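K.L.:
Sharing a model that was predicted from the sequence below.
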Amino acid sequence: MNPNDLESLVRNAFRWNGRCDAYTARQIAWFYENLSLLGDDDINNVVPLLLVCEINNSGTQEAMRDMLIYFLDGARLKLQPDGSWWCNEKIHNAEISYSVGMFDNFSRAQKDAICRWLVDYARDAFKEICPQSVESAILFWEGGCHPENFEFQSYRRVVQQDVGYMLIPIDQE
């Protein structure tokens, strides 16, 4: 999907007609840093703002861009650089429950718009920063924000000693 169509999809899904240039770089940075602290109404305004600003590359500070991906990554299927799992299973399950609850109020159209943004924009834009988190986020949103619905499609799940999962593309097995 081209950037203009993707922006329209996000705007329509969230019924958001704001402008990125209405916010200072400092305000946008605050949104990135505080995403997980926002209430439902704020999230419904801030998420489309950040998605659209990313598409238009406006007001986005390079050092903070990954915070949006980590926020949208409700699946939390992340590993540390050495290949070890980033936390224990109990913490992992609590994180997933928190994400599921946070995005429960999103409409199907909003969930689809976020998923489309992740696939059509973030997969390429964040490939050097946090590619595994992007793929994990895509699985979360493709599954409708419910872990039991994850479609692993081109990935298989590898259990690592009862503590987590590593995503391995099938073509790299």
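P.N.:
Okay, I see it.

K.L.:
what's the helix or strand encompassing residue 31 packed up against?
P.N.:
If you go by DSSP states H and E, residue 31 is part of helix 25-33. Judged by 3 or more CB pairs under 8 Å, 6 or more residues apart in numbering; DSSP states H and E, helix 25-33 is in contact with helix 40-56, helix 65-72. Using the backbone N, CA and C atoms, a C-beta is placed for each residue, glycine as well.

K.L.:
per-stretch mean pLDDT over those helices, give me the minimum one.
P.N.:
Confidence, taken as mean pLDDT, is least for helix 65-72 of these (a mean of 86).

K.L.:
tell me the angle it makes with helix 40-56.
P.N.:
Compare the direction of helix 65-72 with that of helix 40-56 by axes from the mean of the first three to the mean of the last three CA atoms, to 10 degrees and you get 140 degrees.

K.L.:
Could you tell me the angle between helix 65-72 and helix 25-33?
P.N.:
40 degrees.

K.L.:
Contacts made by helix 65-72 with the rest, please.
P.N.:
For helix 65-72, the surrounding residues in contact (CB atoms under 8 Å, 6 or more residues apart in numbering) are 32-33, 35-36, 50-51, 54, 114, 118, 122, 125-126, 129-130, 133-134, 137, 140-141.

K.L.:
again, only this time at 6 Å
P.N.:
For helix 65-72, the external contacting residues (CB atoms under 6 Å, 6 or more residues apart in numbering) are 32, 35, 50, 126, 129-130, 133-134, 137.

K.L.:
With that, I have no additional questions.
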